[in-house]
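Peer 1: give me coordinates for this.
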Amino acid sequence: MKKQVEVSTSSGEVSNRRGHLVTERRNPRSEELDRMSVIKVLELINDEDAAVPGAVREALPRIAKFVEHVVRSIRSHGRLIYVGAGTSGRLGVLDASECPPTFSVPPELVRGVIAGGAPALTRSIEGAEDSPEPGADSLKELGLSSKDCVLGIATGATTPFVLGALAYARKVGATTGFLVCTGEDIVHGHADVIIPVVVGPEVVTGSTRMKAGTATKLVLNMITTTAMVQINKTYGNLMVDLKALNAKLWDRGARIISEVARLTYEDALDLLKQADGEVKTALVMAQRGLSADKSRSRLRDQDGSLRRVLESGD
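Peer 2: I've put the predicted structure just below:
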């Protein structure tokens, strides 16, 4: 039998009620939603969404603190693991899955865990999130260690699957973060870094795929993008650590090389082919006159920093 969420009330009794959560409250601006015209509904949703970036900005110091942990973890051969259920879990899996093609990192570096497993990505699996043990088990299966960073994602902050995963992660000694869309007072002690992004009640009451989901997507983008920049996956704002694996990426890679090395598009594309589709390698070849193998070696010596290789005097 699945365990249900237990929330302590002021009288000390245990309840499954969530009415006290910001994410479950009614939004007074949308109380007449079903009476509104199409354009009025759209305007209201747009107005509510406009408040999300401000809520994210308020949380930037906490996000920065967690990113610093992620960078240290990666440099120590650890991983970033997202854990969530429903929309939160899907967004975690999405962000994790986009890191390898964007930054040429191994798929295991950033992982997404969702309650209910892979089937839950495309359909709702009721009850999958209601027990803490599967959350802990999912991290055990990944061989979680103290080198890893775990970010629990639960907009209402009460998801047992996520809480179970965080409790196990702390037991193992992994660094933990908790991204929520409610006040941090109710999640104190659940993680090393609490990231509260309070976006307020949803247009459709309790539908956290809306503002809370938007906020989650923004924060996850920030975490992985900033971490990847810090570990030398970009040159300026250019995606230089991509590996050309399809027509779009061959074209993007050639354009990057052409711009940075001041080559014609055709010469840049030829160089990219000599570098087996590796943009960084091709740029070192172009700028330092080295072979592909020596260019790779020079990049390894500089921790993958293209800037340091290109600006070094040797």
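Peer 1: what's the neighbour count on I223?
Peer 2: 24 (other CB atoms under 10 Å). In this view, the C-beta of every residue, glycine as well, is placed from N, C-alpha and C.
Peer 1: check which helix or strand covers it.
Peer 2: helix 211-230 (DSSP states H and E).
Peer 1: for that helix, buried residues please.
Peer 2: 211-216, 218-220, 222-228, 230 (16 or more other CB atoms under 10 Å).
Peer 1: do stretch 133-147 as well
Peer 2: P134, G135, A136, S138, L139, L144, K147.
Peer 1: now these as JSON lines including pLDDT, distance to R300 and secondary structure?
Peer 2: Putting the buried residues of stretch 133-147 into JSON lines (pLDDT from 0 to 100; distance: CB to CB, whole Å; DSSP: H, G, I helix; E, B strand; the rest coil) gives the following:
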{"residue": "P134", "pLDDT": "95", "distance to R300": "40", "secondary structure": "helix"}
{"residue": "G135", "pLDDT": "96", "distance to R300": "37", "secondary structure": "helix"}
{"residue": "A136", "pLDDT": "97", "distance to R300": "37", "secondary structure": "helix"}
{"residue": "S138", "pLDDT": "97", "distance to R300": "34", "secondary structure": "helix"}
{"residue": "L139", "pLDDT": "98", "distance to R300": "31", "secondary structure": "helix"}
{"residue": "L144", "pLDDT": "98", "distance to R300": "28", "secondary structure": "coil"}
{"residue": "K147", "pLDDT": "98", "distance to R300": "21", "secondary structure": "coil"}
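Peer 1: max pairwise distance over those: which two?
Peer 2: Spatially, the most separated pair among those is P134 and K147, at 23.2 Å (CB to CB).
Peer 1: in the chain, which spans are strands?
Peer 2: 7-8, 14-15, 80-84, 110-114, 149-153, 175-180, 193-196 (DSSP state E).
Peer 1: hang on, the earlier thing: same question for the helix holding I223, mean pLDDT?
Peer 2: The pLDDT scores in helix 211-230 average 97.
Peer 1: and that helix with strand 110-114, angle?
Peer 2: Helix 211-230 and strand 110-114 are oriented at 160 degrees to each other (axes from the mean of the first three to the mean of the last three CA atoms, to 10 degrees).
Peer 1: now for helix 211-230, which elements pack on it?
Peer 2: With contacts defined as 3 or more CB pairs under 8 Å, 6 or more residues apart in numbering; DSSP states H and E, helix 211-230 has these neighbours: helix 38-49, helix 52-58, helix 60-75, strand 80-84, helix 86-103, strand 149-153.
Peer 1: now the residue nearest the centre of the chain: closest residue in space, sequence neighbours ignored.
Peer 2: When CA atoms, centre = their mean is applied to the chain, the residue found nearest the centroid is L220 (3.0 Å). Once flanking residues are discounted, L220 sits nearest to D95: 4.1 Å by CB to CB, 6 or more residues apart in numbering.
Peer 1: contact partners for that neighbour?
Peer 2: Counting by CB atoms under 8 Å, 6 or more residues apart in numbering, D95 touches Y82, V110, G112, K217, L220, N221, I223, T224.
Peer 1: so which of those residues is the closest to V67?
Peer 2: The closest of the contacts of D95, once distances to V67 are taken by CB to CB, is I223, at 5.6 Å.
Peer 1: ok, now how distant is the closest one from G177?
Peer 2: Distance, I223 to G177, using CB to CB, to the nearest Å: 9 Å.
Peer 1: which residues are common contacts for these two?
Peer 2: With CB under 8 Å, 6+ apart as the test, I223 and G177 both reach F66, L151.
Peer 1: dump the residue contacts of L109.
Peer 2: I74, R79, L80, C99, P100.
Peer 1: got a PyMOL select line for the buried ones in those residues?
Peer 2: Selecting only the buried entries of the contacts of L109 in PyMOL, with 16+ other CB under 10 Å as the criterion:
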select buried, resi 74+79+80+99
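Peer 1: in a markdown table, list the contacts of L109 along with distance to G117 and pLDDT.
Peer 2: Formatted as a markdown table, the contacts of L109 follow (distance: CB to CB, whole Å; pLDDT from 0 to 100):
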| residue | distance to G117 | pLDDT |
| --- | --- | --- |
| I74 | 25 | 97 |
| R79 | 19 | 98 |
| L80 | 19 | 98 |
| C99 | 20 | 95 |
| P100 | 20 | 92 |
